[in-house]
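Undergrad: give me coordinates for this.
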Amino acid sequence: MASSGLSNFKFYNVTIPAPNIVHVEINRPQKLNAFYPPMWFELKAIFEQLSVDPGVRCILLSGAGDRAFTAGLDVAEASKPGNPLAAGNFVDPSRKATHLRRHIFELQEVITTVARCEKPVIGLLHGYTYGLGIDLSSACDIRFCLSDTQFCVKEVDIGLAADVGTLSRLPKVVGGVTSWVKEVCLSARPFGAEEAKVNNFVSRVVSGGKAELIKEGVEFAQFLASKSPVAVQGTKNILDAAWGRTVEDNLNYTAIWNAAMVQSTDVERAIMSGLRKKTPTFEKL
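TA: Reported below is the predicted structural model:
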C-alpha cells in the first residue's frame, strides 16, 4: 500500500481506492477547481512522493465536484496586487522579464513533475477542462473523459500563449502539430469529448456521470496494477524517452534500460504463470 502522509493536503483529496492505486482529486470545487499559488506546490509535492513510493503502481487524477476537472487559472486571484504577473517593482524590463521567466519555469516544473512521474497517471476528465486543465491532462499518460466534457485551450482569450505545457505536449500526445491542434490553440474555441477522441486526445469517452468515470478509471488502474511494475514503469519510461529521439537513439536507450531490467524475477514469474495459466503476483518496485 502507499505510504502514510497522503492526507495532509489542503487542496487535494488523496485516497487509495484499491491496492497499489492512488486517486488524487483536485479539491476546490466551489471555484471550479481553478488554480492559485498554494495549489501548484501541493500538487508537485504529491507527485514527487507518489513517483518513488514502492506501494504505488498507478495514479488517477480527477477534479472534485460535478462541474469541472479544472477551469484553469483562477484569474481573480492572479489579478490581485502582488502576484508575479503584476510584478511592478522593477527598474527596467530586463529585470522584470527575468523575474517572470523564473516564475514560468517554476510553474512548468509542477506540470513536468506529473509528466515524469515513474508511475502511469490516468487523467479522468469531466465538466470544464480549460486552460491549465489541458496542460495538466496533457501531462498524464492516459486520458478518459465523460461524454459531456468541455475542453478549451483558453489562454489566447486572456491575452497570452499557453506557457506551462500545452503547446509543448498537446501536439506530441495527439500525433503532431496538426491543423486541428493549431485551430483549437489559436482560436481558444471549446471542443467536446467526441472531437477530443477523434483527434486522439482522449482514448475513452465514458457515458453516464462522474461515478461511472471514476469506476472505469479504477478498474483500468487495477488492471495495470496487476502487471509487473518493472515492465509497466519501464515501458512508460522508454515510450517517454522516444519523444525527441531518433528511432536509432531510442533503440539504444531501450537496450541499455533492459540490459538491467530484464534481470528481474518478474520475467520468469510472468512466463511461468502464463504456462501454468495462473495469475502472477509481483513484488514492489
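
Undergrad: helices along the stretch 151-285 of the chain, start to end?
TA: Per DSSP state H, counting those that start in this stretch, the stretch 151-285 of the chain carries helices over the ranges 166-174, 179-187, 193-198, 210-225, 229-241, 247-261, 265-276.

Undergrad: what residues sit buried inside the first one?
TA: The one in question is helix 166-174. 166-171, 173-174 (16 or more other Cβ atoms under 10 Å). Backbone N, C-alpha and C define where each C-beta goes, glycine included.

Undergrad: need these in TSV with pLDDT and distance to residue 193, can you?
TA: Converted to TSV, the buried residues of helix 166-174 look like this (pLDDT from 0 to 100; distance: Cβ to Cβ, whole Å):
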residue	pLDDT	distance to residue 193
166	98	18
167	97	22
168	97	23
169	97	19
170	98	16
171	97	20
173	96	16
174	97	14
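
Undergrad: what's the next secondary structure element after the helix ranked longest in the chain?
TA: Looking across the chain with DSSP state H, the single longest helix is helix 93-115. Toward the C-terminus, helix 93-115 is succeeded by strand 121-125 as the next helix or strand (DSSP states H and E).

Undergrad: what's the average pLDDT for that following strand?
TA: Strand 121-125 shows a mean pLDDT of 98.

Undergrad: which strands border the following helix or strand past it, and is each parallel or antiparallel?
TA: Note on strand 121-125: by DSSP H and E, the next helix or strand toward the C-terminus is strand 128-130. Neighbouring strands of strand 128-130 in its sheet, by DSSP bridges, are strand 68-70 (parallel), strand 150-152 (parallel).

Undergrad: is it true that residue 149 touches residue 127?
TA: Yes - applying Cβ atoms under 8 Å as the test, residue 149 and residue 127 come out as touching, 6.5 Å apart.

Undergrad: neighbour count for those two, which is higher?
TA: Comparing residue 149 with residue 127 by other Cβ atoms under 10 Å, the one with more neighbours is residue 149, at 27 against 23.

Undergrad: how about the more buried one, phi and psi?
TA: Dihedral pair for residue 149: phi -60, psi 140, per degrees, to the nearest 10.

Undergrad: the nearest residue to it once chain neighbours are set aside and residue 14, how far apart?
TA: Excluding the flanking residues, the one nearest residue 149 by Cβ to Cβ, 6 or more residues apart in numbering is residue 193, at 4.8 Å. Using Cβ to Cβ, to the nearest Å, residue 193 is found at 26 Å from residue 14.

Undergrad: the two: which has the busier surroundings?
TA: residue 193 (24 against 20).

Undergrad: give the contact list for that one.
TA: If you count contacts by Cβ atoms under 8 Å, 6 or more residues apart in numbering, residue 193 has them with 145-149, 151, 202, 205.

Undergrad: ok, back up a step: now the common contact residues for residue 149 and residue 127.
TA: residue 69.
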